[in-house]
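*Asks:* pasting the sequence and the predicted model now:
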Amino acid sequence: MKGVVRPTSFPRLLSAYFGAPTTSTPEGTAKKHLFGAGTPVPHSVLVNRTDPSSAITDLLYDMVGNDLTISCEANGFVSFEAGLLGLNNDNTQSEPTVTLDSSTRFTFDQAKVYASINGAAEVEFKVSS
């Protein structure tokens, strides 16, 4: 999958790799999520391939993260490429109705990166690319 990171759905995507967040602390109008090395949360993805005609629709489920790349360019949108492994497929689904996700995206100038190793205090990393 490829897409632009949206604050409301990014924690869900990360849970496919790192498990459910161990905390979800409100910080003003935002929430702070802390991910550890937990058990990945299985996800479902509805895929509709329109070529060849007629469309082929599959509901891939019990999917867990395999690889994840997060990319950002100064003053550009934070984007991702995610590889997931699907254990099951339901090919009896009907074609989905496409809807526009108009939730807020965030640009790289709004992003900060923090890391904590072995429970030590969080350290902010300077991020430029």
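*Replies:* It's in.
*Asks:* surely F80 and R6 touch.
*Replies:* No: counting by CB atoms under 8 Å, F80 sits too far from R6 to count as a contact (10.2 Å). In this view, the C-beta of every residue, glycine as well, is placed from N, C-alpha and C.
*Asks:* low-scoring stretches of the protein, by residue?
*Replies:* Along the chain, segments meeting pLDDT under 70 span 27, 29-30, 106, 108-111, 127-129.
*Asks:* what's the local residue count around G65?
*Replies:* G65: 19 surrounding residues under other CB atoms under 10 Å.
*Asks:* what lines up beside the helix or strand where it lies in the sheet?
*Replies:* Assessed by DSSP states H and E, G65 sits inside strand 56-71. According to DSSP bridges, strand 56-71 forms sheet pairs with strand 43-49 (antiparallel), strand 79-90 (antiparallel).
*Asks:* pull out the buried positions in that strand.
*Replies:* By neighbour count on 16 or more other CB atoms under 10 Å, the buried set for strand 56-71 is T57, D58, L59, L60, M63, V64, G65, L68.
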